[in-house]
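# Below are the sequence and a predicted model for it; my questions follow.
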Amino acid sequence: MKYLTTSFLLILLGSVNSLLAAEPVTWNLWPGEAPGEIETLPPESDRTTGDDKLVAGKRLIRLQNVSVPTLTIYKPDSKIDTGSTVIIAPGGGHTILALDLEGTEVAEWATSIGLTAIVLKYRVPGRARNPDKTWLAAAQDGQRAMSLVRSRAEELGVDPDRIGIMGFSAGGTPVTYTALVSERLYESVDKHDDHNFRPAFAAPIYAGWMPEGADLSESCPPVFMVIAHDDKDRSINMAELYIALKKANISAEMHIYSEGGHGYGLRRTEHPVTSWTDRMEDWLNFKGFLEK
């Protein structure tokens with residue numbers, strides 16, 4: 001009886017520790033006000049209504065008025081933890097964030113394959129900061145996120161040299177402005193900014209364009225890209241980005257699916273494009289990011 005009781009307690013404690021480890025932790029991205037704030041926005045809110053488009057038959061969160069950007073950290077089960085990390089930037093046209101479709105649902109997938117997943121809630125709408133450069137706040141937040149996570153890697157229990165970033169649609173801005181740009185877009189604010197913002201890998205998903213001030217060289221990380229042929233002109237933009245990466249001798253993998261449109265996230269439909277995470281898992285594994 002004593003043996004059974006001890007075993008039960010060990011199992012119970014293990015379950016409790018697993019649950020505690022699974023609880024996400026949220027950090028503010030900046031120590032004070034983020035750079036370039038010029039107006040006070042209304043409180044954050046989900047602007048989705050019953051008339052809005054569903055994705056794979058389900059609603060999604062369309063978060064607006066983000067003035068205080070954050071990082072929310074999701075840890076994988078310790079049994080499969082690889083030590084690698086991915087920062088996830090949802091899309092939304094620099095107006096809103098598709099917070100679940102292209103954020104928390106992606107984090108769930110990432111932790112299932114052993115990655116620490118960090119959802120970047122960057123500032124929107126971009127026009128509230130810089131009407132001429134609506135992408136700038138997202139780019140600044142992406143660079144800051146990479147530096148902050150690398151600076152606090154030991155605290156997170158992750159490898160500072162295996163931190164990547166992925167983003168969807170407009171969330172490709174934090175991706176390209178960390179992976180393909182060498183100049184920091186804001187004045188350093190603290191010791192965390194002493195750390196490099198270049199990621200170990202980058203994945204713009206249905207998002208592909210050349211950032212302003214791109215510095216393509218072999219110092220850029222490997223890039224994984226997914227797009228649908230019928231995604232307006234975005235497929236052309238991504239193909240042109242791939243060609244530029246190829247000419248610069250930067251490792252890149254691109255998947256163009258014939259149909260699928262835009263904004264599907266990880267939600268599976270009848271379109272083959274929605275199985276793209278299988279391709280990315282293969283790529284991450286081949287590149288060594290899923291090795292413990």
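Now that the structure is in, tell me what you want to look at. Numbers count the residues shown, from 1 in each chain.
# Enumerate every residue touching the closest residue to residue 258 other than its chain neighbours.
Excluding the flanking residues, the one nearest residue 258 by Cβ to Cβ, 6 or more residues apart in numbering is residue 229, at 5.0 Å. All C-beta atoms are positioned from the backbone trio N, CA, C, and that covers glycine. Counting by Cβ atoms under 8 Å, 6 or more residues apart in numbering, residue 229 touches 235, 256-259.
# Among those residues, which ones are in helices?
Mapping the contacts of residue 229 onto helices (DSSP state H) picks out residue 235.
# where does the residue nearest to residue 258 land on pLDDT?
pLDDT recorded at residue 229 is 97.
# Ok, residue 16 next?
Here, the pLDDT recorded for residue 16 equals 36.
# center of this structure, which residue is that?
The C-alpha lying nearest the average C-alpha coordinate of the chain belongs to residue 88 (Cα atoms, centre = their mean; 1.4 Å).
# tell me the contacts of that residue?
By Cβ under 8 Å, 6+ apart, the contact list for residue 88 reads 102-103, 106-107, 110, 117-120, 165-167, 171.
# Kindly report the same for residue 156.
By Cβ under 8 Å, 6+ apart, the contact list for residue 156 reads 73, 85, 116, 149.
# Count the neighbours of the residue lying closest to the third one once chain neighbours are set aside for me.
This points to residue 116. Leaving aside its sequence neighbours, residue 116 sits nearest to residue 85 (Cβ to Cβ, 6+ apart; 4.3 Å). Here the count is done by other Cβ atoms under 10 Å, and residue 85 has 27 residues near it.
# Write down the beta-bridge partners of residue 85, one by one.
Residue 85 forms beta bridges with residue 116, residue 163, as assigned by DSSP bridges.
# and stretch 230-249, how far from the chain's centre?
From the chain centre to the centre of stretch 230-249 is a distance of 20 Å (Cα atoms, centre = their mean, to the nearest Å).
# buried ones in it?
Across stretch 230-249, burial judged by 16 or more other Cβ atoms under 10 Å covers 231, 234-235, 237-239, 241-242, 245.
# Quick check, residue 207 in contact with residue 170.
Yes: counting by Cβ atoms under 8 Å, residue 207 does reach residue 170; the two are 7.0 Å apart.
# For the stretch 51-200 of the chain, which residues score under the pLDDT cut-off?
For the stretch 51-200 of the chain, applying pLDDT under 70 flags no range at all.
# Now for residue 245: which residues touch it?
If you count contacts by Cβ under 8 Å, 6+ apart, residue 245 has them with 216, 220, 223, 251-252.
# one step back: list the ones among the contacts of residue 88 that fall in strands.
Using DSSP state E, the members of the contacts of residue 88 that fall in strands are 117-120, 165-167.
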